[in-house]
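Peer 1: how does the following fold in three dimensions:
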Amino acid sequence: MQDTPRSDAPTFDTFVMVDWSAASSPGREGGQTGGIWAAVAQPGHPDEVRPFRTRSEATTWLIATCAQLADRGRRVLLGFDFAFGYPTGTARALGAPPRATPWRWMWDLLALEIADDASNDNDRFGAASGLNERMQGGAGPFWGHPPNQLHADLAPTKGTFPLRIHDRIVLEEYRHTERVLREGGRQPKSVWQLSGAGAVGSQSLLGIPRLRQVRRAPALAPRTAVWPLETGFGDPLEGADARQVVIAEVYPSLIEPTEGTHPVRDAAQVLALVAAYRAMAEAGTLAEAVAAPDQPADVLEQVVAEEGWILDVVAAPPPPPRERHPSAAPFDWEAEDVVAGAPGASPDDAPEPSPPHPGPTTHVCIARPSHDLAAAERFYTDGLGMDVLFRTPAPDDESSDDPPADGVHRLVMVGWPGAAWHIELVGDPATDPRPTEEDLLVCYLDGPVDPELIERLVDAGGERVPSANPYWDDRGVTVADPDGYRLVLTSRSWD
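Peer 2: Presented below is the predicted three-dimensional model:
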């Protein structure tokens, strides 16, 4: 059933704020200072914060979570704490054609140029050197690198700004939004700075391709927009182009987290951000934050075309304290860098984390025994289109029916990346599959079943069978997998 917001609800009713990381290896379990954290605030739930070990893991979770929230009718403000764009002229300096939309062209370029794998291993310094060379055949605006990352066209220290490219393009050190913040006493760093205290350049290089992945995910693309690059200034949820999920650039340093909220400052900051934007929505001041800033028309054009803008935190009544969501991941209180996130904090002083409970975003595994793992895998991958998410290593003797080791079974996990569930196919010689006619895996397609999909499932070892319940035959098709478990493809909608 769709959870439709009230007509008198604030512009946004759900807030997801992300503190990003440019780490080159996976973070530790339970989170750490300098890792990735995401906070969620939604109606009827305590605020939640959770850590992620890798950018890939965080991206997958964000896509699935925001899609589920949108499915329930929520209006989501999704914030990331890295720059969404570069100073005006960057795209042209890199060779963007005249008719290209600068920010979009830049996002596409970074997605092609940056290598960032599932374990956080990445080549951002080499890519930045290549971008500098592409601009002017030598050291360019990007600067900063560790001693062990030497690249021909990436200087260790800042050059001179404004930087003139090809005698016709002038690149500033800061975007307009950063200049406004600096005039107000804040100290945002330049997107060109890749290393050093507070540097945001590396987060942007590695964040923009992931942000593009979120924006283009099939589950989100039709109902998502980026403020103000796509929406322009003003309420992004009004008008014919209104979207349910709006992505915005945020700056956690605009607000000081409440003392004692969380021992890791990064986590405390995103919790403070979701609380602040919720309070603004309830007070009606969020509309002021998404409106056009007091800047000349030509500056606003540059902001929307290429640079982006940081969503302000406008003064709002202090929000009441809210408990952390019980389904948040438990924290590693013994980890040095976790405790160091709160000066003076001690593991003995920290409250015991609440035990996790199942909830709407809990990942579900459907485990089934299989006579023939290879045949079952083929049915669900070649036939249904799932991916292999994990498999146990094959034994040395492929013909052996014995498990790889005592108490360990051969298994294959199949599913769709980003989904909140997967199937675990278990090859246990001691356990026979015993499906009944009512053991069903039902996919609600909300549209006609593709005949080519049915043919693919049959070619992959499935057998089309009549359903024991005529309800499923009325508007759907039932196909038994090689072990006899039944897959139902129904044209019905779940809502």
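Peer 1: for the nearest residue to I36 once chain neighbours are set aside, what are its contacts?
Peer 2: Of all residues not flanking I36 in the chain, F52 sits nearest, at 4.3 Å (Cβ to Cβ, 6 or more residues apart in numbering). Backbone N, C-alpha and C define where each C-beta goes, glycine included. Listed by Cβ atoms under 8 Å, 6 or more residues apart in numbering, the contact set of F52 reads 27, 35-38, 58, 61.
Peer 1: how about the helices of this protein, start to end?
Peer 2: For the chain, applying DSSP state H gives helices covering 55-71, 90-93, 102-113, 124-136, 176-183, 201-216, 265-283, 286-290, 297-302, 336-339, 373-378, 451-459, 470-474.
Peer 1: now render the ones you listed as CSV, adding distance to L237 and mean neighbour count.
Peer 2: Shown next, in CSV, are these (distance: least, Cβ to Cβ, whole Å; neighbours: other Cβ atoms under 10 Å):
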stretch, distance to L237, mean neighbour count
helix 55-71, 12, 21
helix 90-93, 28, 23
helix 102-113, 21, 19
helix 124-136, 34, 21
helix 176-183, 22, 18
helix 201-216, 17, 22
helix 265-283, 11, 24
helix 286-290, 9, 20
helix 297-302, 20, 14
helix 336-339, 37, 18
helix 373-378, 43, 19
helix 451-459, 35, 14
helix 470-474, 38, 13
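Peer 1: ranking the ones you listed by mean pLDDT, which is last?
Peer 2: Among the helices of the chain, helix 336-339 carries the lowest mean pLDDT, at a mean of 32.
Peer 1: what number of residues lie near the nearest residue to L271 once chain neighbours are set aside?
Peer 2: Nearest residue to L271, sequence neighbours excluded (Cβ to Cβ, 6+ apart): A39, at 4.7 Å. Residue crowding around A39 was assessed by other Cβ atoms under 10 Å; the count is 28.
Peer 1: point out where the stretch 251-400 of the chain drops to low pLDDT.
Peer 2: Scanning the stretch 251-400 of the chain with the threshold set as pLDDT under 70 gives 315-357, 359-361, 393-400.
Peer 1: 50 instead, please
Peer 2: Along the stretch 251-400 of the chain, the model assigns pLDDT under 50 to residues 316-317, 319-320, 322-353, 395-400.
Peer 1: which parts of it are strands?
Peer 2: For the stretch 251-400 of the chain, applying DSSP state E, counting those that start in this stretch gives strands covering 364-369, 387-391.
Peer 1: in its sheet, what does the last one sit against?
Peer 2: Right, the one you point to is strand 387-391. Applying DSSP bridges to the sheet, strand 387-391 is found paired with strand 410-415 (antiparallel).
Peer 1: and the residue nearest in space to the middle of the chain, how far from S204?
Peer 2: What sits nearest the mean C-alpha location of the chain, by Cα atoms, centre = their mean, is T59, with 2.8 Å. The gap separating T59 from S204 is 15 Å, by Cβ to Cβ, to the nearest Å.
Peer 1: next: P358.
Peer 2: Taken as Cβ to Cβ, the span from P358 to S204 is 36 Å.
Peer 1: swap in R124?
Peer 2: From R124 over to S204 (counting by Cβ to Cβ), the distance is 10 Å.
Peer 1: which residue packs closest to A375, ignoring adjacent ones?
Peer 2: P482 (4.1 Å).
Peer 1: count of residues packed around that neighbour?
Peer 2: Around P482 there are 22 residues (other Cβ under 10 Å).
Peer 1: equivalent analysis for L154, please.
Peer 2: L154: 23 surrounding residues under other Cβ under 10 Å.
Peer 1: bridged to it, which residues?
Peer 2: H151.
Peer 1: residues contacting it?
Peer 2: L154 sits next to 125, 128-129, 132, 139, 142-145, 194 when contact means Cβ under 8 Å, 6+ apart.
Peer 1: can I get those in CSV including distance to R265?
Peer 2: Shown next, in CSV, are those (distance: Cβ to Cβ, whole Å):
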residue, distance to R265
F125, 26
A128, 27
S129, 32
N132, 33
A139, 34
F142, 27
W143, 27
G144, 23
H145, 26
L194, 22
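Peer 1: from those residues, which single one is nearest I169?
Peer 2: N132 (13.8 Å; Cβ to Cβ).
Peer 1: so which of the helices of the chain is nearest H422?
Peer 2: Comparing the helices of the chain under Cβ to Cβ, the one sitting nearest is helix 55-71, at 11.7 Å.
Peer 1: between that closest one and helix 201-216, how big is the angle?
Peer 2: 40 degrees (axes from the mean of the first three to the mean of the last three Cα atoms, to 10 degrees).
Peer 1: chain center to helix 55-71: distance?
Peer 2: 5 Å (Cα atoms, centre = their mean, to the nearest Å).
Peer 1: same check on stretch 90-109?
Peer 2: Relative to the centre of its chain, stretch 90-109 is centred 24 Å away, using Cα atoms, centre = their mean.
Peer 1: what sits up against that stretch?
Peer 2: Counting by Cβ under 8 Å, 6+ apart, residues outside stretch 90-109 touching it are 84-86, 88, 131, 134-136, 141, 165-166, 169, 171, 208-209, 211-212, 229, 305-308.
Peer 1: okay, now that stretch: how far is its last residue from its first?
Peer 2: Taking Cα to Cα, to the nearest Å, stretch 90-109 runs 12 Å from one end to the other.
Peer 1: list the contacts for the residue nearest to the centre of the chain?
Peer 2: Counting by Cβ under 8 Å, 6+ apart, T59 touches 210, 213-214.
Peer 1: ok, and the closest non-adjacent residue to D372?
Peer 2: Sequence neighbours aside, P482 is the residue nearest to D372 in space, at 6.0 Å (criterion: Cβ to Cβ, 6+ apart).
Peer 1: measure the one you found to T362 for me?
Peer 2: Distance from P482 to T362, by Cβ to Cβ: 29 Å.
Peer 1: ok, S195 next?
Peer 2: 38 Å.
Peer 1: now swap in L205 and tell me
Peer 2: L205 is 33 Å from T362, by Cβ to Cβ.
Peer 1: now do L131
Peer 2: Distance of L131 to T362, computed by Cβ to Cβ: 41 Å.
Peer 1: repeat for L457
Peer 2: L457 is 28 Å from T362, by Cβ to Cβ.
Peer 1: over to V313?
Peer 2: V313 is 31 Å from T362, by Cβ to Cβ.
Peer 1: who has more neighbours out of these two?
Peer 2: A side-by-side neighbour count of V313 and T362, using other Cβ under 10 Å, places V313 first with 21 against 11.
Peer 1: got the strands of the stretch 251-400 of the chain as TSV, with distance to P236 and mean neighbour count columns?
Peer 2: Formatted as TSV, the strands of the stretch 251-400 of the chain follow (distance: least, Cβ to Cβ, whole Å; neighbours: other Cβ under 10 Å):
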stretch	distance to P236	mean neighbour count
strand 364-369	33	14
strand 387-391	33	13
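Peer 1: closest one to P218 among those?
Peer 2: Among the strands of the stretch 251-400 of the chain, strand 387-391 sits nearest to P218 (Cβ to Cβ), with 14.2 Å.
Peer 1: hmm, who's touching the closest one?
Peer 2: With Cβ under 8 Å, 6+ apart as the test, strand 387-391 has contacts from 377, 381, 411-417, 422.
Peer 1: mind checking the end-to-end distance for stretch 292-312?
Peer 2: End to end - Cα to Cα - stretch 292-312 spans 11 Å.
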